[in-house]
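> Have a look at this prediction, sequence included:
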There are 2 protein chains.
Amino acid sequence: MSTDKITCLLNWHATPYHLPLFLAEKLNYFVEEGIKVAILEPNNPSDVTEIIGSGKVDLGCKAMIHTIAGKARGFPIKSIGTLLDEPFTGVVYLKSGNKISTEFDSLKGKRIGYVGEFGKIQLDELTRQYGMTPNDYTAVRVGMNVTGAIIRGEIDAGIGLENVQMVELEEWSVQQGRSRDDVAMLRIDELAHLGCCCFCSILFIGNEPFIQQNPEKVKAFMKAIKRASDFMFADPVKAYELFVEMKPHMNSEVNRKIFQRSFRYFSRDFKNVQRDWDKVTNYCKRLDIVDQSFEQNQTNEFLDWPLLPEGPAGVEPATVDTGVLACCGCKGYVKPTVQASA
Amino acid sequence: MSTDKITCLLNWHATPYHLPLFLAEKLNYFVEEGIKVAILEPNNPSDVTEIIGSGKVDLGCKAMIHTIAGKARGFPIKSIGTLLDEPFTGVVYLKSGNKISTEFDSLKGKRIGYVGEFGKIQLDELTRQYGMTPNDYTAVRVGMNVTGAIIRGEIDAGIGLENVQMVELEEWSVQQGRSRDDVAMLRIDELAHLGCCCFCSILFIGNEPFIQQNPEKVKAFMKAIKRASDFMFADPVKAYELFVEMKPHMNSEVNRKIFQRSFRYFSRDFKNVQRDWDKVTNYCKRLDIVDQSFEQNQTNEFLDWPLLPEGPAGVEPATVDTGVLACCGCKGYVKPTVQASA
């Protein structure tokens, strides 16, 4: 017997930046748009493109670089929109007791944690750019446990997001009677001279045959989440309250701060940004993940509302007033050292 | 492109009683047994039998009553083992400010939360047994948010497990400066004269075509989890430590207590208990969920080790020494009012 439930597999366990998806469910928007959606969470982020690509799951979320890599490996997946635009990504570490500096070669001899295989590919490429080899550091695959592995001392540094792993480490640091400023990041976009962190933009993706066969359902899916996203921008406090009702363990200081820090990265219109796709496609060619003939697996055809013009990349916007969870309407770069208010 | 990853969808978000599954992954037992497993978590427990039954997901977990009901509705699912034997299930409530007593008819006029549709069917049947009608109470579908809905006052009582929702409420009660004893349960097995809570035993289940086509994989899956379960019984403290490394939010007082309280329910040999299946099949006939010709959808053929004899049902064993997380080797009924030590 078949099911009319659309399965949607997140890129990571439920995290505050997934709020629009959960809110669409909570506010009954999926049903109002005529679809049923089952939101599933993975325990290994490396499963996601393969499971969606093989058609076992219909839709989901994944970072841009993995979406491109998955397609290049033969899994028919396609991006149908953007959830998070260019969250800062880099090598996160604690300054104290760690001879890591802002120079990449200070990672020599260190144990660096990465999530899945592409993090290692990125690091290996950086070693070559900085006159090192992949043998100059020890790569440790840690899956979703980057923060814990740093805290337990299993790794000296690990790849993470400014709005997630950095926040977790900062909060832990404060609990230890240390400073938030003890947490630092070597930004991959800066090390690799990319000009933006778009390779880590979190996209909505889908299995291509599913998308082709169900365009109306895909449109309804995106519309429901867009409505939830609009609700979140209008009333982030209420939105987070509803999220906590669905996911009680999100009612913690650290997760509230992750939400605050994620706020500036949320896409306003969900569009796939062509400029970013071009940059990341080139980056993937440099990494030998895709060949020269690669055709971008992305579309904005399911976004049934006016799309905003592409903003300038790499611009420093005003700081978001995270204290009250209100957004100033900015979009773009903020220094990763921005303070989250209590 | 296809994938050789076996998808496994839990019956609930990750909860301490799922520890053997996570431990099998953490200790690399799945890989050692020659399989790759992607553990997925749902956000709506009502999705699970349908998604596994439709073949979108291969294996998973689900309570016995839902496993029978899903099959009766035409979804080809089958139990391949038992994770949790007979956890106490009932209507959980706070005594203070709530005129609910040990009598079922004290629920008259109350708002009672249930997870999915079968909870409501069970409640409705109970009303008839106790001279009431389904209109004598207000049913509120709350999904996985039973505890939160009680705390927020959205419902007066809700269906839950002794080893999960009762623990959550007890911990909340203590935080409020109240007593653990303020939390009580009307046990469904007692109200419905079932003689055991086996309808709520949490089973390993699978999609039938998947099972038929992949018997060796199913055997390997069960063996890996059995090895993890043996590890857990031998060293529950270490097992929980490893679980926390995978799921950091399990590092909380309430989740540690849920693990302690779940410990006595863990099946030692994963067998489907024939006596329990017979009872629950009869109960499902009484509930009109299955017809008289229903054939039980369960097998122990993938359990490649000696099975223990079926123990007596409804026997009060010695209390588990939850303080040190050691188990006395008991198996069976314990009063739900048992104290969890700090």
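Arrived safely.

> Might you report the residue contacts of residue A:165?
A:92, A:146-147, A:158 (Cβ atoms under 8 Å, 6 or more residues apart in numbering or on different chains). The C-beta positions use only the backbone N, C-alpha and C, and glycine is treated the same way.

> repeat for residue A:205
Residues near residue A:205 by Cβ under 8 Å, 6+ apart: A:49, A:52, A:59-62, A:67, A:77-80.

> now, which of those residues sits nearest residue B:206?
Using Cβ to Cβ, residue A:52 is the member of the contacts of residue A:205 that lies nearest residue B:206, at 21.1 Å.

> Under a three-state scheme, what state does that closest one occupy?
What DSSP: H, G, I helix; E, B strand; the rest coil gives for residue A:52 is helix.

> and the residue in the stretch 101-250 of chain A that chain B sits nearest to, what pLDDT?
Per Cβ to the nearest Cβ, residue A:249 is where the stretch 101-250 of chain A lies closest to chain B, at 4.7 Å. On pLDDT, residue A:249 comes in at 93.

> Tell me how many other residues surround it.
Residue A:249 has 16 neighbours, counted by other Cβ atoms under 10 Å in any protein chain shown.

> does the residue positioned nearest the centre of chain A have beta-bridge partners, and which?
For chain A, the residue sitting closest to the mean C-alpha position, by Cα atoms, centre = their mean, is residue A:202 at 4.1 Å. Beta bridges link residue A:202 to residue A:63, residue A:84 when assigned by DSSP bridges.

> how near is it to residue A:131?
32 Å (Cβ to Cβ, to the nearest Å).

> Kindly report the same for residue A:221.
47 Å.

> Ok, residue A:290 next?
In terms of Cβ to Cβ, residue A:290 sits 26 Å off from residue A:131.

> before we move on, what about residue A:240?
Distance from residue A:240 to residue A:131, by Cβ to Cβ: 46 Å.

> Who has more neighbours out of those two?
Counted by other Cβ under 10 Å, residue A:240 and residue A:131 do not tie: residue A:240 has more neighbours, with 21 against 9.

> List phi and psi for that one.
Per-residue torsions, residue A:240: phi -70, psi -40 (degrees, to the nearest 10).

> was I right about it contacting residue A:19?
Yes: counting by Cβ atoms under 8 Å, residue A:240 does reach residue A:19; the two are 7.0 Å apart.

> rewinding a little: just say helix, strand or coil for the residue of the stretch 101-250 of chain A closest to chain B.
helix.

> Spit out the contact partners of it.
Contacts of residue A:249 by Cβ under 8 Å, 6+ apart are A:255, B:249, B:252.

> Domains in chain A, by residue range?
A:6-86+A:198-316, A:89-192 (the TED database).

> Which residues of the stretch 101-250 of chain A lie near chain B?
The interface of the stretch 101-250 of chain A toward chain B, taken as Cβ under 8 Å from any Cβ of the partner chain, is made up of A:144-145, A:147-148, A:152, A:245-246, A:248-249.

> just the strands in the stretch 101-250 of chain A please.
Applying DSSP state E, counting those that start in this stretch to the stretch 101-250 of chain A gives strands spanning A:111-114, A:138-141, A:157-161, A:183-187, A:202-207.

> in the stretch 151-300 of chain A, which spans are helices?
Assigned by DSSP state H, counting those that start in this stretch, the stretch 151-300 of chain A shows helices spanning A:165-175, A:188-191, A:208-213, A:215-234, A:236-246, A:253-263, A:274-286.

> and residue B:198, which of these is closest to it?
helix A:236-246 (29.9 Å).

> model confidence over the closest one, on average?
On average, helix A:236-246 scores 97.

> same deal with stretch A:253-265?
Mean predicted lDDT for stretch A:253-265 stands at 97.

> residues making contact with stretch A:18-31?
Contact with stretch A:18-31 is made by A:8, A:10, A:12, A:14, A:36-37, A:39, A:61, A:83, A:220-221, A:223-229, A:231-232, A:239-240, A:242-243, A:245-247, A:259, A:266, B:43-44, as judged by Cβ under 8 Å, 6+ apart.

> Please pick the buried ones from the residues you listed.
A:8, A:10, A:12, A:14, A:37, A:39, A:61, A:83, A:220-221, A:223-229, A:231-232, A:239-240, A:242-243, A:245-247, A:259, A:266, B:43-44 (16 or more other Cβ atoms under 10 Å in any protein chain shown).

> hang on, the earlier thing: most packed of the domains of chain A?
domain A:6-86+A:198-316 (a mean of 20; mean count of other Cβ atoms under 10 Å in any protein chain shown).

> where does the residue nearest to residue A:156 when sequence neighbours are not counted fall, phi/psi-wise?
Nearest residue to residue A:156, sequence neighbours excluded (Cβ to Cβ, 6 or more residues apart in numbering or on different chains): residue A:110, at 4.1 Å. Residue A:110 adopts backbone torsions of phi -90, psi 160, taken as degrees, to the nearest 10.

> From residue B:37, how far off is the residue of the stretch 51-200 of chain A found nearest chain B?
Going by Cβ to the nearest Cβ, chain B is nearest to residue A:54 of the stretch 51-200 of chain A, at 4.0 Å. Look at residue A:54 and residue B:37: by Cβ to Cβ, they are 15 Å apart.

> ok, now residue A:112?
27 Å.

> Same check on residue A:261?
Using Cβ to Cβ, we find residue A:261 at a distance of 33 Å from residue B:37.

> Check whether the nearest residue to the residue of the stretch 51-200 of chain A closest to chain B once chain neighbours are set aside sits in a helix, strand or coil.
Using Cβ to Cβ, 6+ apart and skipping the chain neighbours, the partner closest in space to residue A:54 is residue B:3 (4.0 Å). Following three-state DSSP, we place residue B:3 in the coil state.
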